[in-house]
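Asks: From the sequence below, what's the structure:
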Amino acid sequence: MKKYFLLIALISCIAAFAQTKETYRIGILLDSRADKSEQLLMGLKAEIKAVVGEDAEIIFPDQMLLVNDFDVARATQNYNKLIAGNTDIILAFGQVNNVVLSKIETFLKPTILFGSVNKDFNLFDLDKSTVAIPNFTYLVIPHS
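Replies: Predicted structure coming up:
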């Protein structure tokens, strides 16, 4: 009888853990905030949650949305704050964040860079469709 009880208890524990969703906290780095960007940001969050669906819980904590106001030093501090915190994934937008991230050699957390850069920056090889840096990818277009 004890064997059956232990077996049922073990199966119950396995089943409970199997149904637990993974939670991902996403941090966002912005150069600035404006009314138009707020609408785009809300759309992006909704789109990410829709794509992930029921497979995981996606959280965008307010304290993990950081703005640098076009200040490189502040952009660096913001990135380091997300690295030191409990952020699971970092999304970065804007030219100042592009400059900061282009100088980092090792990415401790998955980081995705979005936006445009001036051609004279030469921060990334925009001719390549992939990047060989672990935990880093970019979706950047050249802009004059």
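Asks: Just the pLDDT at the residue nearest in space to the middle of the chain, thanks.
Replies: With distances taken as Cα atoms, centre = their mean, residue 90 lies nearest the centre of the chain, 2.5 Å away. On pLDDT, residue 90 comes in at 95.
Asks: Bridged to it, which residues?
Replies: Taking DSSP bridges as the rule, residue 90 bridges to residue 27, residue 111.
Asks: number of nearby residues for the nearest residue to residue 134 once chain neighbours are set aside?
Replies: Of all residues not flanking residue 134 in the chain, residue 107 sits nearest, at 6.7 Å (Cβ to Cβ, 6 or more residues apart in numbering). For every residue, glycine as well, the C-beta is placed using N, CA and C. By the measure other Cβ atoms under 10 Å, the count of residues near residue 107 is 16.
Asks: And residue 82, by the same measure?
Replies: 25.
Asks: which residues touch it?
Replies: 27, 29, 64, 66, 90, 109 (Cβ atoms under 8 Å, 6 or more residues apart in numbering).
Asks: List the buried residues in the helix or strand where it lies.
Replies: Per DSSP states H and E: residue 82 is located in helix 72-84. For helix 72-84, a neighbour-count test (16 or more other Cβ atoms under 10 Å) marks 75, 76, 78, 79, 82 as buried.
Asks: hang on, isn't the residue nearest to residue 134 packed against residue 138?
Replies: No. Using Cβ atoms under 8 Å, residue 107 is not in contact with residue 138, being 11.1 Å away.
Asks: So what's the residue count around residue 100?
Replies: 23.
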